[in-house]
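>>> output the structure for:
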Amino acid sequence: MIKKLRQFVEEGMQKAPSQQRDSILLYADFSDEPMAKLWHALDRLSPKHLDLYALVDCEDCHVEPLNTLKHQWDDLESLTLRNICEPDFMTHALNTFSQISSLTLDHCCCIEDFPIALTGLKHLCVLENNACDMFGNAVDNIPNLANVLEVLEIESTNNCDFACAYDPQDFRDCLRKCMNIWEFWLAASYQDSLDTDLASYIPPFVGKLMLRFTRSLPFLHDIDDWIMHACDRTWLPHLKSFQLTVDPESCVRGLEGNTKSGQWTRILDNPPWELSPEAFDKEFERKQGVLYAVLKLSRPEIELLT
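Residues are numbered from 1 along each chain as shown. Okay, here's the model as predicted:
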(Lines give C-alpha, C1' and ligand atoms only; values in the text may rest on other atoms or scores of the structure.)
Protein backbone atom coordinates (compact mmCIF):
# COMPACT_ATOMS: atom_id res chain seq x y z
CA MET A 1 0.00 0.00 0.00
CA ILE A 2 2.83 2.41 0.86
CA LYS A 3 4.37 1.84 -2.56
CA LYS A 4 1.07 2.58 -4.27
CA LEU A 5 0.60 5.70 -2.18
CA ARG A 6 3.99 7.04 -3.18
CA GLN A 7 3.16 6.36 -6.81
CA PHE A 8 -0.20 8.06 -6.38
CA VAL A 9 1.47 11.13 -4.88
CA GLU A 10 4.11 11.21 -7.61
CA GLU A 11 1.47 11.06 -10.35
CA GLY A 12 -0.51 13.79 -8.66
CA MET A 13 2.49 16.08 -8.49
CA GLN A 14 2.76 15.95 -12.28
CA LYS A 15 -0.70 17.47 -12.70
CA ALA A 16 -1.54 21.13 -12.91
CA PRO A 17 -2.16 22.77 -9.50
CA SER A 18 -5.89 23.04 -10.20
CA GLN A 19 -6.09 19.25 -10.79
CA GLN A 20 -4.09 18.05 -7.81
CA ARG A 21 -5.82 16.26 -4.95
CA ASP A 22 -6.71 18.59 -2.11
CA SER A 23 -8.48 16.22 0.32
CA ILE A 24 -7.33 13.26 2.41
CA LEU A 25 -9.57 10.80 4.29
CA LEU A 26 -7.86 8.29 6.58
CA TYR A 27 -9.43 5.46 8.60
CA ALA A 28 -7.68 4.21 11.74
CA ASP A 29 -8.59 0.57 12.40
CA PHE A 30 -6.03 -0.13 15.12
CA SER A 31 -4.43 1.80 17.95
CA ASP A 32 -1.08 2.22 16.16
CA GLU A 33 -2.54 3.78 13.00
CA PRO A 34 -1.88 5.77 10.90
CA MET A 35 1.73 4.63 11.00
CA ALA A 36 4.54 7.14 10.46
CA LYS A 37 5.52 5.58 7.12
CA LEU A 38 2.00 6.23 5.81
CA TRP A 39 2.20 9.94 6.67
CA HIS A 40 5.63 10.18 5.07
CA ALA A 41 4.30 8.50 1.92
CA LEU A 42 1.96 11.50 1.65
CA ASP A 43 4.74 13.98 2.38
CA ARG A 44 4.74 15.85 -0.94
CA LEU A 45 1.01 16.48 -0.93
CA SER A 46 -0.36 19.81 0.25
CA PRO A 47 -4.00 19.10 1.11
CA LYS A 48 -6.59 21.67 2.03
CA HIS A 49 -8.86 19.20 3.83
CA LEU A 50 -8.00 16.38 6.23
CA ASP A 51 -10.57 13.90 7.58
CA LEU A 52 -9.45 11.43 10.27
CA TYR A 53 -11.88 8.62 11.08
CA ALA A 54 -11.14 6.36 14.06
CA LEU A 55 -13.20 3.24 14.67
CA VAL A 56 -15.12 3.21 17.94
CA ASP A 57 -12.91 0.48 19.42
CA CYS A 58 -9.81 2.43 18.41
CA GLU A 59 -10.68 6.05 19.31
CA ASP A 60 -7.12 7.11 18.54
CA CYS A 61 -5.28 8.32 15.47
CA HIS A 62 -1.54 9.00 15.49
CA VAL A 63 -0.77 12.37 13.96
CA GLU A 64 2.60 13.19 15.58
CA PRO A 65 4.55 12.34 12.36
CA LEU A 66 2.89 15.32 10.67
CA ASN A 67 5.32 17.49 12.64
CA THR A 68 8.28 15.84 10.89
CA LEU A 69 7.17 16.04 7.25
CA LYS A 70 9.73 17.68 5.00
CA HIS A 71 6.96 19.48 3.16
CA GLN A 72 4.68 20.92 5.80
CA TRP A 73 0.98 21.08 4.97
CA ASP A 74 0.81 24.85 4.98
CA ASP A 75 -2.37 24.99 2.88
CA LEU A 76 -4.55 22.97 5.28
CA GLU A 77 -7.87 24.76 5.81
CA SER A 78 -10.23 22.24 7.38
CA LEU A 79 -9.84 19.38 9.83
CA THR A 80 -12.52 16.77 10.58
CA LEU A 81 -12.08 14.37 13.50
CA ARG A 82 -14.46 11.43 13.93
CA ASN A 83 -14.62 9.27 17.07
CA ILE A 84 -11.42 10.74 18.53
CA CYS A 85 -11.44 10.56 22.34
CA GLU A 86 -8.10 11.96 23.43
CA PRO A 87 -8.20 15.28 25.36
CA ASP A 88 -4.92 16.67 24.00
CA PHE A 89 -5.23 15.27 20.47
CA MET A 90 -5.26 18.71 18.84
CA THR A 91 -1.83 19.50 20.31
CA HIS A 92 -0.11 16.46 18.77
CA ALA A 93 0.43 18.19 15.42
CA LEU A 94 0.74 21.85 16.35
CA ASN A 95 2.30 23.09 13.11
CA THR A 96 -0.40 21.50 10.97
CA PHE A 97 -3.52 22.02 13.08
CA SER A 98 -2.83 25.59 14.24
CA GLN A 99 -3.50 27.07 10.80
CA ILE A 100 -6.94 25.62 10.07
CA SER A 101 -9.99 27.85 9.68
CA SER A 102 -12.60 25.06 9.98
CA LEU A 103 -12.85 22.30 12.61
CA THR A 104 -15.42 19.51 12.84
CA LEU A 105 -15.58 17.20 15.87
CA ASP A 106 -17.95 14.38 14.91
CA HIS A 107 -18.80 12.04 17.81
CA CYS A 108 -15.52 12.87 19.48
CA CYS A 109 -15.27 13.05 23.25
CA CYS A 110 -13.44 15.20 25.80
CA ILE A 111 -11.34 17.19 23.31
CA GLU A 112 -10.16 19.80 25.80
CA ASP A 113 -6.71 21.06 24.81
CA PHE A 114 -6.46 23.28 21.75
CA PRO A 115 -3.34 24.87 20.21
CA ILE A 116 -3.08 28.43 21.48
CA ALA A 117 -1.91 29.39 17.98
CA LEU A 118 -5.29 28.32 16.56
CA THR A 119 -6.30 31.95 16.09
CA GLY A 120 -7.95 31.81 12.65
CA LEU A 121 -10.77 29.35 13.41
CA LYS A 122 -13.92 30.72 11.77
CA HIS A 123 -16.07 27.58 11.47
CA LEU A 124 -16.63 25.18 14.39
CA CYS A 125 -18.92 22.16 14.13
CA VAL A 126 -19.31 19.84 17.15
CA LEU A 127 -21.62 16.86 16.82
CA GLU A 128 -22.84 14.79 19.79
CA ASN A 129 -21.21 13.33 22.88
CA ASN A 130 -20.13 16.22 25.12
CA ALA A 131 -20.44 18.74 22.29
CA CYS A 132 -21.31 21.71 24.51
CA ASP A 133 -18.42 20.96 26.85
CA MET A 134 -15.97 20.84 23.93
CA PHE A 135 -17.36 24.12 22.63
CA GLY A 136 -16.91 25.68 26.07
CA ASN A 137 -13.31 24.46 26.23
CA ALA A 138 -12.65 25.92 22.80
CA VAL A 139 -14.00 29.34 23.78
CA ASP A 140 -12.09 29.32 27.07
CA ASN A 141 -8.76 28.07 25.69
CA ILE A 142 -8.37 29.39 22.13
CA PRO A 143 -7.30 33.05 22.30
CA ASN A 144 -9.58 35.40 20.40
CA LEU A 145 -11.93 32.59 19.23
CA ALA A 146 -14.95 34.50 20.51
CA ASN A 147 -13.99 37.39 18.23
CA VAL A 148 -13.21 35.49 15.00
CA LEU A 149 -15.76 32.63 14.99
CA GLU A 150 -18.35 33.14 12.24
CA VAL A 151 -20.14 29.79 11.90
CA LEU A 152 -21.12 27.56 14.85
CA GLU A 153 -22.89 24.19 14.61
CA ILE A 154 -23.73 22.24 17.76
CA GLU A 155 -25.62 18.96 18.00
CA SER A 156 -26.16 17.63 21.51
CA THR A 157 -28.99 15.09 21.65
CA ASN A 158 -27.49 11.90 23.11
CA ASN A 159 -27.43 13.11 26.74
CA CYS A 160 -23.64 13.09 27.16
CA ASP A 161 -23.16 16.76 27.98
CA PHE A 162 -22.56 18.68 31.21
CA ALA A 163 -21.17 15.80 33.27
CA CYS A 164 -18.04 17.61 34.45
CA ALA A 165 -16.90 21.23 34.39
CA TYR A 166 -19.66 22.94 32.38
CA ASP A 167 -23.41 23.35 32.79
CA PRO A 168 -26.16 24.71 30.50
CA GLN A 169 -25.69 28.28 31.74
CA ASP A 170 -21.98 28.06 30.92
CA PHE A 171 -22.94 27.12 27.36
CA ARG A 172 -25.24 30.12 27.06
CA ASP A 173 -22.56 32.44 28.44
CA CYS A 174 -19.95 31.09 26.00
CA LEU A 175 -22.39 31.50 23.13
CA ARG A 176 -23.07 35.13 24.02
CA LYS A 177 -19.32 35.84 24.01
CA CYS A 178 -19.08 34.90 20.31
CA MET A 179 -20.16 38.30 19.08
CA ASN A 180 -19.29 37.81 15.39
CA ILE A 181 -21.15 34.58 14.68
CA TRP A 182 -23.09 34.96 11.45
CA GLU A 183 -24.55 31.45 11.23
CA PHE A 184 -25.70 29.39 14.23
CA TRP A 185 -27.20 25.91 14.07
CA LEU A 186 -28.23 24.08 17.25
CA ALA A 187 -29.90 20.73 17.85
CA ALA A 188 -30.43 19.99 21.53
CA SER A 189 -32.56 17.86 23.81
CA TYR A 190 -34.88 18.57 26.69
CA GLN A 191 -32.69 16.67 29.16
CA ASP A 192 -29.95 19.30 28.95
CA SER A 193 -32.40 22.23 29.22
CA LEU A 194 -30.91 23.94 26.18
CA ASP A 195 -34.40 24.20 24.67
CA THR A 196 -35.31 27.03 27.05
CA ASP A 197 -33.94 30.45 28.02
CA LEU A 198 -31.86 30.83 24.86
CA ALA A 199 -33.30 33.75 22.89
CA SER A 200 -31.52 36.45 24.89
CA TYR A 201 -28.14 34.74 24.47
CA ILE A 202 -28.04 34.61 20.65
CA PRO A 203 -25.20 36.87 19.44
CA PRO A 204 -26.62 40.03 17.83
CA PHE A 205 -24.76 39.63 14.52
CA VAL A 206 -26.42 36.29 13.68
CA GLY A 207 -27.99 36.31 10.22
CA LYS A 208 -28.89 32.62 9.89
CA LEU A 209 -30.40 30.82 12.87
CA MET A 210 -31.45 27.15 12.73
CA LEU A 211 -32.85 25.43 15.85
CA ARG A 212 -34.15 21.90 16.42
CA PHE A 213 -35.34 20.69 19.81
CA THR A 214 -37.12 17.66 21.21
CA ARG A 215 -40.76 17.77 22.28
CA SER A 216 -41.20 19.12 25.81
CA LEU A 217 -43.63 21.31 27.70
CA PRO A 218 -40.92 23.73 28.90
CA PHE A 219 -39.86 24.27 25.28
CA LEU A 220 -43.47 24.82 24.22
CA HIS A 221 -43.85 27.33 27.02
CA ASP A 222 -40.55 29.03 26.12
CA ILE A 223 -41.72 29.89 22.58
CA ASP A 224 -43.59 32.78 24.19
CA ASP A 225 -40.19 34.23 25.14
CA TRP A 226 -39.04 33.96 21.51
CA ILE A 227 -42.20 35.79 20.43
CA MET A 228 -41.51 38.55 22.96
CA HIS A 229 -37.96 38.98 21.66
CA ALA A 230 -39.15 38.94 18.05
CA CYS A 231 -41.43 41.90 18.81
CA ASP A 232 -38.32 43.95 19.60
CA ARG A 233 -36.92 45.26 16.30
CA THR A 234 -33.49 45.72 17.90
CA TRP A 235 -33.21 41.97 18.65
CA LEU A 236 -31.06 40.19 16.04
CA PRO A 237 -31.19 43.12 13.58
CA HIS A 238 -29.20 41.20 10.94
CA LEU A 239 -31.40 38.08 10.93
CA LYS A 240 -32.07 36.92 7.36
CA SER A 241 -33.04 33.25 7.78
CA PHE A 242 -34.74 31.46 10.69
CA GLN A 243 -35.95 27.96 11.45
CA LEU A 244 -37.46 26.46 14.60
CA THR A 245 -38.45 22.79 14.46
CA VAL A 246 -38.96 19.76 16.71
CA ASP A 247 -37.49 16.30 16.38
CA PRO A 248 -40.35 14.21 14.91
CA GLU A 249 -39.02 11.06 16.62
CA SER A 250 -38.97 12.50 20.14
CA CYS A 251 -41.53 11.85 22.85
CA VAL A 252 -43.21 14.56 24.90
CA ARG A 253 -41.23 15.32 28.06
CA GLY A 254 -41.92 17.55 31.02
CA LEU A 255 -45.22 15.95 31.89
CA GLU A 256 -46.37 15.81 35.50
CA GLY A 257 -45.46 12.38 36.80
CA ASN A 258 -42.59 11.87 34.37
CA THR A 259 -39.86 10.93 36.82
CA LYS A 260 -37.13 12.04 34.40
CA SER A 261 -38.62 15.46 33.81
CA GLY A 262 -36.31 17.06 36.34
CA GLN A 263 -36.35 20.60 37.65
CA TRP A 264 -37.13 22.19 34.27
CA THR A 265 -40.81 21.22 34.55
CA ARG A 266 -41.17 23.37 37.64
CA ILE A 267 -41.36 26.55 35.59
CA LEU A 268 -44.81 25.45 34.42
CA ASP A 269 -48.08 25.93 36.27
CA ASN A 270 -49.98 22.66 36.60
CA PRO A 271 -48.29 20.68 33.80
CA PRO A 272 -50.57 17.97 32.41
CA TRP A 273 -50.10 14.26 33.03
CA GLU A 274 -50.61 13.32 29.40
CA LEU A 275 -50.04 14.97 26.03
CA SER A 276 -49.79 13.09 22.76
CA PRO A 277 -47.16 13.98 20.14
CA GLU A 278 -50.02 14.95 17.81
CA ALA A 279 -51.47 17.38 20.37
CA PHE A 280 -48.02 18.78 21.06
CA ASP A 281 -47.32 19.32 17.37
CA LYS A 282 -50.64 21.09 16.89
CA GLU A 283 -49.88 23.58 19.66
CA PHE A 284 -46.27 23.94 18.50
CA GLU A 285 -47.39 24.77 14.97
CA ARG A 286 -49.77 27.40 16.34
CA LYS A 287 -47.05 29.09 18.39
CA GLN A 288 -44.51 28.71 15.59
CA GLY A 289 -47.00 30.46 13.30
CA VAL A 290 -47.33 33.37 15.71
CA LEU A 291 -43.55 33.67 16.03
CA TYR A 292 -43.04 33.55 12.27
CA ALA A 293 -45.75 36.16 11.71
CA VAL A 294 -44.11 38.54 14.18
CA LEU A 295 -40.70 38.04 12.56
CA LYS A 296 -42.16 38.61 9.09
CA LEU A 297 -43.83 41.80 10.21
CA SER A 298 -40.60 43.32 11.54
CA ARG A 299 -38.36 41.78 8.84
CA PRO A 300 -40.32 41.48 5.57
CA GLU A 301 -37.34 39.99 3.68
CA ILE A 302 -36.62 37.22 6.18
CA GLU A 303 -36.61 33.57 5.05
CA LEU A 304 -38.71 31.43 7.40
CA LEU A 305 -38.17 27.67 7.15
CA THR A 306 -40.44 24.92 8.50
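>>> show me where pLDDT drops low in this protein?
31-32, 56-58, 256-272 (pLDDT under 70).
>>> for it, longest helix please?
helix 277-298 (DSSP state H).
>>> ok, then the element right after that one?
strand 303-305 (DSSP states H and E).
>>> now do the buried residues in that following strand.
By 16 or more other CB atoms under 10 Å, the buried positions in strand 303-305 come out as residue 304. The way it works is simple: take the backbone N, C-alpha and C, and place the C-beta from them, glycine included.
>>> where exactly do the helices run in this protein?
2-13, 36-41, 94-97, 131-141, 145-148, 168-177, 217-230, 277-298.
>>> could I get those as CSV with distance to residue 78?
Shown next, in CSV, are the helices of the chain (distance: least, CB to CB, whole Å):
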stretch, distance to residue 78
helix 2-13, 19
helix 36-41, 18
helix 94-97, 11
helix 131-141, 15
helix 145-148, 15
helix 168-177, 22
helix 217-230, 33
helix 277-298, 32
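>>> so the longest helix of the chain versus helix 217-230, what angle?
10 degrees (axes from the mean of the first three to the mean of the last three CA atoms, to 10 degrees).
>>> for residue 169, see how far away residue 193 is.
Separation of residue 193 from residue 169 (CB to CB, to the nearest Å) stands at 9 Å.
>>> tell me which of the two has more neighbours.
residue 193 (22 against 12; other CB atoms under 10 Å).
>>> roughly how far is stretch 221-228 from the heart of the chain?
24 Å (CA atoms, centre = their mean, to the nearest Å).
>>> just checking, residue 115 touches residue 92?
No. Using CB atoms under 8 Å as the test, residue 115 is too far from residue 92 to be in contact (9.8 Å).
>>> would you map the strands across the stretch 101-250 of the chain?
For the stretch 101-250 of the chain, the strands defined by DSSP state E, counting those that start in this stretch cover 102-106, 123-127, 151-156, 183-188, 208-213, 241-246.
>>> okay, those strands in a markdown table with mean neighbour count and distance to residue 62 next?
Below are those laid out as a markdown table (neighbours: other CB atoms under 10 Å; distance: least, CB to CB, whole Å):
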| stretch | mean neighbour count | distance to residue 62 |
| --- | --- | --- |
| strand 102-106 | 20 | 18 |
| strand 123-127 | 20 | 23 |
| strand 151-156 | 21 | 27 |
| strand 183-188 | 20 | 32 |
| strand 208-213 | 20 | 36 |
| strand 241-246 | 18 | 40 |
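>>> could you dump the ones you listed to a markdown table with distance to residue 7?
Formatted as a markdown table, those follow (distance: least, CB to CB, whole Å):
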| stretch | distance to residue 7 |
| --- | --- |
| strand 102-106 | 30 |
| strand 123-127 | 34 |
| strand 151-156 | 38 |
| strand 183-188 | 41 |
| strand 208-213 | 44 |
| strand 241-246 | 47 |
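>>> which one of those lies closest to residue 29?
strand 102-106 (17.4 Å; CB to CB).
>>> let me see the contact set for residue 197.
172, 222, 225 (CB atoms under 8 Å, 6 or more residues apart in numbering).
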